[in-house]
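Q: compute the structure for the input listed below.
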Amino acid sequence: MARTRAEDFEEKQHQLLLTAAHVFATQGMDKASMSQIAAEAGVSKSLLYHYYPSKDALIFAIIHTHLEELDDALGAAIDPALTPRGQLETLVLTVLESYRGADDQHKVQLNAGPALSDDQKARIHQVERRIVKRFSAIIRDIHPELDRPERPLLMPVTMSLFGMMNWVYMWFRDGGPVSREDYAQVATTLILEGVKAVR
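A: Model (predicted):
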């Protein structure tokens, strides 16, 4: 008879991934062990292996789950009633809010390359492309000239915006002089106004 899922399965699984991400981020990919992660999470090693048969599978799950949750949040944040600029600022703020407390996942994502198979990397890139496309589509609506074949600047501009968002964890502190809402406005303005000088 198959084991039925507990009602709080998804919550426990999510907490397990957060704990594992913290262990990987603090101990390093090579040094962190499944035994360590199980102990830190307060579960048996056999239960951990039941859900994640290898350390690589666990690393993949941390990154893939984090990106899927981000993509879902971005999809829910889209509001056709907003102007394109308002939509872009909303998406930027959604990313910044999703990054709240996600420093460990970022560190795992940055250092996970050697631990992932080609198939796992392809699945992660698929989600990343969906996320990037949400932003590039709005930037194209505002500045269609960025997508000219003779001077294709849409992707460099879009990825420059991600550069600003993805590294915010290195310096941003909640409760500081700049709020996430403030920085969403700043990043949006820098991109939309800055491209006018590089066209």
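Q: in contact with the most centrally placed residue in the chain, which residues?
A: For the chain, the residue nearest the mean C-alpha position is Leu67 (4.4 Å; CA atoms, centre = their mean). Shown in contact with Leu67 (CB atoms under 8 Å, 6 or more residues apart in numbering): Ile124, Val127, Glu128, Ile131. Placement of C-beta: from N, CA and C, glycine included.
Q: for Gly176, pull up the helix or strand it's in.
A: Using DSSP states H and E, Gly176 falls within no helix or strand.
Q: just the pLDDT for it.
A: For Gly176, the model assigns a pLDDT of 91.
Q: contacts for the longest helix along the chain next, please.
A: Identified as the longest helix of the chain according to DSSP state H is helix 118-142. Residues from elsewhere that reach helix 118-142, judged by CB under 8 Å, 6+ apart: 56, 60, 63-64, 67-68, 70-71, 74-75, 78, 84-85, 87-88, 91, 113, 116, 146-147, 154-155, 157-159, 161-162, 191-192.
Q: inside strands: which ones of those residues?
A: Those of the contacts of helix 118-142 mapping onto strands are Asp147, per DSSP state E.
Q: could you turn the buried ones of the contacts of helix 118-142 into a PyMOL selection?
A: Per 16 or more other CB atoms under 10 Å, the buried members of these correspond to this PyMOL selection:
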select buried, resi 56+60+63+64+67+70+71+74+87+88+91+116+146+154+157+158+161+162+191+192
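Q: what's the distance between the residue nearest to the centre of the chain and Asp147?
A: Separation of Leu67 from Asp147 (CB to CB, to the nearest Å) stands at 25 Å.
Q: also Ala102?
A: Noted for Ala102: a distance of 31 Å to Asp147, by CB to CB.
Q: and for Ser35?
A: Going from Ser35 to Asp147 by CB to CB gives 51 Å.
Q: same question, Lys107
A: Distance, Lys107 to Asp147, by CB to CB: 34 Å.
Q: now swap in Tyr99 and tell me
A: Applying CB to CB, the value for Tyr99 to Asp147 is 28 Å.
Q: just Lys55 next, same as before
A: For Lys55, the distance to Asp147 - CB to CB - is 41 Å.
Q: could you do Val108 as well?
A: Val108 sits 33 Å away from Asp147, taking CB to CB as the criterion.
Q: tell me where the model's unsure across the protein.
A: In the predicted model, the chain carries pLDDT under 70 at residues 1-9, 199.
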